[in-house]
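**Q** Quick one: sequence plus predicted model below, questions after.
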Amino acid sequence: MTEEQEKKRVTLDILGEKYIIRSPSSHKHIFEVERYVNALMKELSDKYPRMSLHKIAVLASLNLASDLLSLRKEKKKKR
């Protein structure tokens, strides 16, 4: 089986918007990611109710990237 054939098609709901993705990850992992991103974006949209969905998504992406970079730095320090 090729990598493309192994990818599963899943529909996600983020703040009421439907997104169809294809991923080789397990459904459990994909839906865990969906819940995490949805919760983060909901928190931001509640905090900034006049902000557009696009800006909420960018702000969420910046928060996630910051967390990821911090974790990577921590991991390097432990080596």
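**A** In hand now; what should we look at?

**Q** What residues sit buried inside the strand or helix carrying Ala57?
**A** Assigned by DSSP states H and E, Ala57 belongs to helix 53-78. Under the neighbour-count criterion of 16 or more other CB atoms under 10 Å, helix 53-78 has 56-57, 59-60 buried. For glycine as for every other residue, the C-beta is placed from the backbone atoms N, C-alpha and C.

**Q** what does stretch 40-55 give?
**A** 40-41, 44-45.

**Q** okay, Thr2: pLDDT?
**A** Looking at Thr2, its pLDDT stands at 58.

**Q** My error: substitute Lys78 in the last question.
**A** 88.

**Q** any idea how far it lies from Lys47?
**A** According to CB to CB, to the nearest Å, Lys78 stands 33 Å off from Lys47.

**Q** Kindly report the same for Ile20.
**A** 28 Å.

**Q** what's the most distant pair in the buried residues of helix 53-78?
**A** Farthest pair in the buried residues of helix 53-78 (CB to CB) is Ala57 and Leu59. Separation: 7.3 Å.

**Q** Can you tell me the SS state at the residue nearest the centre of the chain?
**A** When CA atoms, centre = their mean is applied to the chain, the residue found nearest the centroid is Val37 (4.3 Å). At Val37 the chain is in helix, as set by DSSP: H, G, I helix; E, B strand; the rest coil.

**Q** gap between it and Lys77?
**A** Taking CB to CB as the measure, Val37 falls 27 Å from Lys77.

**Q** Point out where this protein drops to low pLDDT.
**A** Counting by pLDDT under 70, the chain contains low-confidence residues at 1-5.

**Q** go again using 90 as the cut-off
**A** Judged by pLDDT under 90, the chain has its weakly predicted residues at 1-7, 78-79.
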